[in-house]
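Participant: Provided below for reference: sequence and predicted model.
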Amino acid sequence: MNLLPIALGALLGISGIAVLVRATARPLVDVDAVLGELDRTDVPVDELTERMEMPLLARLLQPVGTRALGLVKSLLPSNYQERLRRKLIVAGLHERMTPEEFIAIQVVTLAGGVLFGLVLGLAAGWSSTGSVRSVVIFGALGGLVPVQILQKSREKRQVQIRKDLPDILDLLAISVEAGVGLEGAIEVVGQNFDTPLAHELGRMLREMELGVARRTALQNMKARIEVPDVSNFVLSLVQADALGMPIGRVLRAQAHEMRLKRRQWARERAGKLPVKIIFPLVMFILPALFVIVLGPAVMSISHQILHHGH
């Protein structure tokens with residue numbers, strides 16, 4: 001018996017029942033409340049203009065998407081939302097999406113993987129077991145795609161921060177030694193750098209302008225970046241501030257140390273390149289080289305064998 005159509009029918013039936021229950025459980029519409037909402041005139045003109053400039057499909061789907069995000073938020077545990085929010089902050093994606101939007105994207109990619117596995121199984125004529133296996137595998141791969149993108153974004157951002165740290169520390173040290181305070185030096189960095197670390201320093205400066213203590217603002221920046229070199233830099237600044245040490249001297253020493261670490265890190269990455277080249281060399285370059293070198297010899301030998309056979 002082919003179980004796949006039965007499973008699909010059951011899934012569609014359960015979905016239909018859930019939609020029906022949701023529709024019947026909806027409370028009656030309060031006409032007065034609806035008319036009151038329609039009479040509202042406090043919606044900003046810019047917001048109305050922005051809505052009207054959106055495509056028709058986007059205007060139709062936006063309320064559905066908003067309700068779906070609210071449903072996702074209500075289903076997710078608060079501690080999981082907080083962990084995901086921290087990951088988005090470290091990856092530098094917190095301004096582009098919320099944890100609920102990330103989960104919604106993950107659900108969409110998972111559903112796309114399931115649909116692709118189902119179509120592939122039906123098109124290939126596989127058995128029910130093979131089709132179910134295809135659905136599970138491609139669904140899992142689809143659900144992992146956003147996670148991998150998030151991880152790669154985090155690694156790329158942290159690598160960029162490690163590269164920029166010595167140069168930014170040099171500029172901070174020069175500015176402080178020239179008589180500018182730390183806050184003014186951070187403003188100079190923001191004027192000369194457009195990098196993730198410069199943005200984080202600018203955010204730290206805004207926190208300090210709002211009344212947050214320098215120590216707390218530095219700790220917040222360290223938590224948003226999660227780079228060991230930045231953690232050492234923050235610790236040095238906190239200790240210098242507590243002990244009354246000259247910040248310019250501390251920044252100069254930190255810049256020199258970070259330059260040495262960056263040079264050592266570059267050498268380590270260069271040393272790993274031969275190992276990374278082995279796989280493409282064996283899989284792609286060597287077979288083509290064998291064909292070019294041995295191809296004429298094989299053709300000559302086969303020609304000689306055929307000639308002697310005749």
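Facilitator: Yes, it's here. Numbering: from 1, shown residues only.
Participant: Once you drop chain neighbours, what's closest to the residue most central in space within the chain?
Facilitator: Computing the C-alpha centroid of the chain and ranking residues by CA atoms, centre = their mean puts Leu150 first, at 2.5 Å. Once flanking residues are discounted, Leu150 sits nearest to Ala91: 5.5 Å by CB to CB, 6 or more residues apart in numbering. The C-beta positions use only the backbone N, C-alpha and C, and glycine is treated the same way.
Participant: Please tell me the pLDDT value assigned to that neighbour.
Facilitator: Confidence at Ala91, expressed as pLDDT, is 91.
Participant: same check, this time on the one 4 residues further on
Facilitator: At Glu95 the predicted local confidence, pLDDT, stands at 84.
Participant: what about it, neighbour count?
Facilitator: 9 (other CB atoms under 10 Å).
Participant: next one: Leu273
Facilitator: Leu273: 8 neighbours (other CB under 10 Å).
Participant: pLDDT (mean, whole number) over whatever helix or strand Asp241 lives in?
Facilitator: Counting by DSSP states H and E, the element that carries Asp241 is helix 228-243. Averaged across helix 228-243, pLDDT comes to 89.
Participant: Can you mark which positions in that helix are buried?
Facilitator: Asp229, Val230, Asn232, Phe233, Val234, Ser236, Leu237, Ala240, Asp241 (16 or more other CB atoms under 10 Å).
Participant: Can you name the residues that contact the residue nearest to Pro146 when sequence neighbours are not counted?
Facilitator: Spatially, and ignoring its direct neighbours in sequence, Pro146 is nearest to Gln106 (4.6 Å; CB to CB, 6+ apart). Listed by CB atoms under 8 Å, 6 or more residues apart in numbering, the contact set of Gln106 reads Gly143, Pro146, Val147.
Participant: any idea how far Gln106 lies from Val90?
Facilitator: From Gln106 over to Val90 the distance is 18 Å, taken as CB to CB, to the nearest Å.
Participant: SS state for Val189?
Facilitator: At Val189 the chain is in helix, as set by DSSP: H, G, I helix; E, B strand; the rest coil.
Participant: so what's Glu257 up against?
Facilitator: Glu257 neighbours (CB under 8 Å, 6+ apart): none.
Participant: From Gln264, how far out is it?
Facilitator: 11 Å.
Participant: Can you check which residues contact both of the two?
Facilitator: If you check Glu257 and Gln264 against CB under 8 Å, 6+ apart, no residue is contacted by both.
Participant: mind listing the helices for the stretch 51-200 of the chain?
Facilitator: With DSSP state H, counting those that start in this stretch, the ranges of helices along the stretch 51-200 of the chain come out as 56-75, 78-91, 99-124, 128-177, 182-192, 196-209.
Participant: I'd like to know which elements the longest one is packed against.
Facilitator: In other words, helix 128-177. Packing partners of helix 128-177 (3 or more CB pairs under 8 Å, 6 or more residues apart in numbering; DSSP states H and E): helix 3-24, helix 78-91, helix 99-124, helix 182-192, helix 196-209, helix 228-243, helix 247-280.
Participant: any idea of the angle the second one forms with helix 128-177?
Facilitator: Here the directions of helix 78-91 and helix 128-177 differ by 60 degrees (axes from the mean of the first three to the mean of the last three CA atoms, to 10 degrees).
Participant: which secondary structure elements does helix 78-91 contact?
Facilitator: helix 99-124, helix 128-177, helix 214-225.
Participant: Can you lay out the ones you listed as CSV showing distance to Pro287 and mean pLDDT?
Facilitator: Putting the helices and strands packed on helix 78-91 into CSV (distance: least, CB to CB, whole Å; pLDDT from 0 to 100) gives the following:
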stretch, distance to Pro287, mean pLDDT
helix 99-124, 29, 87
helix 128-177, 28, 90
helix 214-225, 44, 92
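Participant: To Pro196, which of these lies closest?
Facilitator: helix 128-177 (5.3 Å; CB to CB).
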